[in-house]
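> Sequence below, structure please.
(one chain, ligands or ions: 2)
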Amino acid sequence: MSWAIEHVIGAFREAFDGEPDGVWTAPGRVNLIGEHTDYNEGFVLPFAIDLAARVAVRVRSDGAIRLFSTAGSEGVAKLSASEVRREDARGWSVYPAGVVWALRERGIRVPGFDLVLDSDVPLGAGLSSSHAIECAVASALNELTGAGLDAPELVLTTQRAENAFVGAPTGIMDQSASLRGEAGHAVFLDCRDQSVELVPFDAPGAGLVTLVIDTRVAHSHADGGYASRRAACELGAEVLGVKALRDVALGDLDEARALLDDTTFRRVRHVVTEDQRVLDTVQALRTAGPAAIAPYLDASHASMRDDFEISCDELDTAVEASRAAGAIGARMTGGGFGGSAIALVPAEDEAGVRDAVSAAFSERGYRAPRLFTVSPADGARRLA
Ligand code: ADP
Ligand code: MG
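Ligands and ions are numbered 1, 2, ... in the order given. The predicted structure is shown next:
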């Protein structure tokens, strides 16, 4: 049994006495390419990473729910037996509570349980530590209740938990990566019909490291910038007479330029070209391997910086410094206005790139970035 499994079981014994019924895990994710395409019914290409949440769970007969995380000092959180309500869920317990609520909404009888969370997904680094929790809890309860939901159903259940219980207007990318990812692969997701194809992305096998550079500049989904970008996309689709920007082809852009104001046009151009970059990246991975996607990462960053205007100095610094020090491609990832960038780096250049990025941040007086290397890993599953 691996150290990680023993650790969460040990923590369970300490918090609740006795043995858990089982241990489940779900990973965080990185989006390789496809930014602000999800709500335009387009394409995204995330992958599940080798940093994950693990939950040890034991069913209780009295209906009570007790939650404990090995991180933080909140102690054991308790939730009411029969009815899980948003206003009763404090801190991270909102995520398991949301999953319980969404499963019950589907008519699944969820019993009480004791749960210990042990996660090595860093919080707030754009690696979706919150979805890792939700997907691990959903996988555990799916099995313990005998509900037997398949992966697509679990994706929709955790999305419902996020949207209607937690109150975050998120799509299905993060859950799809966490629940459906596979080692050595990226998850090619069509956000219109929610279909998934696994695409080979064996970066380590190609001698490449995916470096995540967390700028530690705060951003949030509620940000006005995010809302205004969504609004611009909706306006663009309406003026162009399509259901979503997914339906605009590259060849339609000339015509679009004549119909839209300059700002809206550039927002539209980002989405349309980004969808194409996802398709090109998938094609490159299938035919030529991980190194061949580097130019699409660079072009994606330029498009977000210049057309969608959601980058910032810290993200540009992360991208430029890593490229100058040997990264073959780099881009900001996530919603923008801070958060993280990713860089594809030859393994032998990793140390140099790390040093160069840290030095560039220090020179500009920015807070030191957090740096992580991640590789494509298996999605949610039972461990013990
Ligand atoms: P991220 O991009 O990492 O998902 P979020 O703000 O969406 O950032 O989620 C971070 C939240 O997830 C934290 O505020 C906390 O409530 C919860 N969280 C993540 N990991 C843990 C953990 N190990 N223990 C307790 N709570 C956690
Ligand atoms: Mg999150």
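
> In this protein, which helix is the longest?
Counting by DSSP state H, the longest helix found in the chain is helix 262-287.

> Mind listing what's buried along it?
When burial is assessed from 16 or more other CB atoms under 10 Å, helix 262-287 yields the following buried residues: 264-282, 284-285. To be clear about C-beta, it is placed using only N, CA and C from the backbone, and glycine gets the same treatment.

> right, and the helix or strand after that helix?
helix 294-306 (DSSP states H and E).

> Between helix 262-287 and that following helix, find me the angle.
170 degrees (axes from the mean of the first three to the mean of the last three CA atoms, to 10 degrees).

> residues near the nearest residue to Gly225 once chain neighbours are set aside, how many?
Leaving aside its chain neighbours, Gly225 sits nearest to Phe337 (5.3 Å; criterion: CB to CB, 6 or more residues apart in numbering). Using other CB atoms under 10 Å, Phe337 has 20 neighbouring residues.

> Up against ligand 1, what does this structure have?
69, 71-72, 91-92, 117, 119, 123-130, 133 (CB under 6 Å from any ligand atom).

> ChimeraX command for the buried members of those residues?
Applying 16+ other CB under 10 Å to the residues of the chain next to ligand 1 leaves a buried subset, and the ChimeraX line that selects it is:
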select :69,92,117,119,125,126,127,128,129,130,133
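
> if you look at the residues of the chain next to ligand 1, which of them are in helices?
Ser129, Ser130, Ile133.

> and which of these is nearest Ser61?
Ile133 (24.6 Å; CB to CB).

> Show me what counts as buried in the strand or helix carrying Leu253.
Secondary structure from DSSP H and E places Leu253 in helix 253-259. In terms of neighbour count (16+ other CB under 10 Å), helix 253-259 has its buried residues at Ala256.

> now do stretch 184-193
Gly184, His185, Ala186, Val187, Phe188, Leu189, Cys191.

> right, and the secondary structure at the third one would be what?
The one in question is Ala186. Using DSSP: H, G, I helix; E, B strand; the rest coil, the structure places Ala186 in strand.

> Could you list everything it pairs with in the sheet?
Using DSSP bridges, the bridge partners assigned to Ala186 are Val199.

> That one and Lys78, how far apart?
For Ala186, the distance to Lys78 equals 40 Å [CB to CB, to the nearest Å].

> With the last one instead?
In this view, Cys191 and Lys78 are 37 Å apart by CB to CB.

> Contacts made by stretch 135-145 with the rest, please.
21-22, 24-26, 52-55, 57, 59, 95-96, 99-100, 103, 108-111, 113, 115, 117, 147-149, 154, 157-158, 161, 175, 178-179, 379-382 (CB atoms under 8 Å, 6 or more residues apart in numbering).

> Show me how far it is from its chain's centre.
Stretch 135-145 has its C-alpha centroid displaced from the chain centroid by 19 Å (CA atoms, centre = their mean, to the nearest Å).

> And for stretch 285-297?
21 Å.

> and the residue nearest to Tyr366 when sequence neighbours are not counted, what does it touch?
Spatial nearest neighbour of Tyr366, chain neighbours left out: Glu314 (5.6 Å); criterion: CB to CB, 6+ apart. Glu314 makes contact with Thr215, Val217, Gly338, Phe361, Tyr366, Pro369 under the criterion CB under 8 Å, 6+ apart.

> try it again with 7 Å
For Glu314, the contact set (CB atoms under 7 Å, 6 or more residues apart in numbering) comprises Thr215, Val217, Gly338, Tyr366.

> Next: His301.
Per CB under 7 Å, 6+ apart, neighbours of His301: Val319, Ala330, Arg331, Met332.

> looking at this, Arg66 is in a strand?
Yes: counting by three-state DSSP, Arg66 is part of a strand.

> isn't it right up against Leu117?
No: counting by CB atoms under 7 Å, Arg66 does not reach Leu117; the two are 11.7 Å apart.

> in the protein, which helix or strand is least confident?
Using mean pLDDT, DSSP states H and E, the weakest-scoring helix or strand in the chain turns out to be strand 77-79, at a mean of 89.

> In its sheet, which strands sit next to that one, and in what direction?
strand 65-69 (antiparallel).
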